[in-house]
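A.B. asks: Provide a 3D model corresponding to the input given below.
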Amino acid sequence: MESLSEEQIQEINDVFDVIDENQNGSIDISELARGLRCLGLNPTNGEIKELMEKYDANDTKSLDREEFAHLFVECLSSFSTTEDLLRDQFKKLDTNEDGFITAEELRKLLLYGEEQLQEEEVDSIITEFDKNGDGRISMEEFLEGVLGKA
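C.D. replies: Residues are numbered from 1 along each chain as shown. Have a look, this model is predicted:
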């Protein structure tokens with residue numbers, strides 16, 4: 001972990017803060033699942049459980065900031081969350097290509113995909129990202145939601 005730059009450490013902290021929805025300083029399995037999916041990854045529930053078990057060093061059934069950093073560096077480094085990759089992911093989610101991810105587009109993906117989320121989980125994601133409450137997620141809202149910046 002010493003080899004991380006200040007920018008990489010800040011990125012990990014930003015992602016942790018977004019995924020830690022209840023801001024309690026740890027990420028439980030449901031927050032991890034939603035967070036990874038928001039990052040454009042598509043892990044199965046089994047894979048999420050395996051990640052939690054592997055990186056939950058103190059067996060608290062949640063990941064603290066340090067445990068999450070290990071997961072991020074070791075597992076997600078191949079899925080770099082650079083702005084360009086996030087912009088590409090946004091375009092894939094914007095199925096009607098209008099420059100916005102609508103609640104309907106997100107619901108289709110998250111409610112009826114291979115790993116279906118509950119309606120409340122989808123609502124939580126939409127609320128988290130849709131800062132102006134217009135029912136659509138702009139590129140700026142998407143980047144801010146994932147990276148903590150516009």
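A.B. asks: roughly how far apart are the residue nearest the centre of the chain and Gly135?
C.D. replies: In the chain, the centroid-proximal residue (C-alpha atoms, centre = their mean) is Gly35; its distance is 2.7 Å. Gly35 sits 22 Å away from Gly135, going by C-beta to C-beta, to the nearest Å. All C-beta spots, glycine's among them, are computed from the backbone N, C-alpha and C.
A.B. asks: With Leu85 instead?
C.D. replies: The gap separating Leu85 from Gly135 is 26 Å, by C-beta to C-beta.
A.B. asks: For Gly25, which non-adjacent residue is spatially closest?
C.D. replies: Closest residue to Gly25 apart from its sequence neighbours, by C-beta to C-beta, 6 or more residues apart in numbering: Asp64 at 6.7 Å.
A.B. asks: Break this protein down into its structural domains.
C.D. replies: In terms of domains, the chain is parsed into 6-79, 83-147 (source: automatic domain parsing).
A.B. asks: C-terminal to the lengthiest helix in the chain, what's the next element?
C.D. replies: Using DSSP state H, we find that the single longest helix of the chain is helix 6-19. The first helix or strand that comes after helix 6-19 along the chain, using DSSP states H and E, is strand 27-28.
A.B. asks: by contact count, what packs against that following strand?
C.D. replies: Contacts defined by 3 or more C-beta pairs under 8 Å, 6 or more residues apart in numbering; DSSP states H and E place strand 27-28 against strand 62-63.
A.B. asks: For the helix or strand following the strand it packs on, give me every contacting residue.
C.D. replies: Elements were assigned by DSSP H and E; along the chain past strand 62-63, the next helix or strand is helix 65-75. Contacts to helix 65-75, defined as C-beta atoms under 8 Å, 6 or more residues apart in numbering, come from residues 1, 4, 9, 12-13, 15-16, 19, 25, 27, 51, 54-58, 63.
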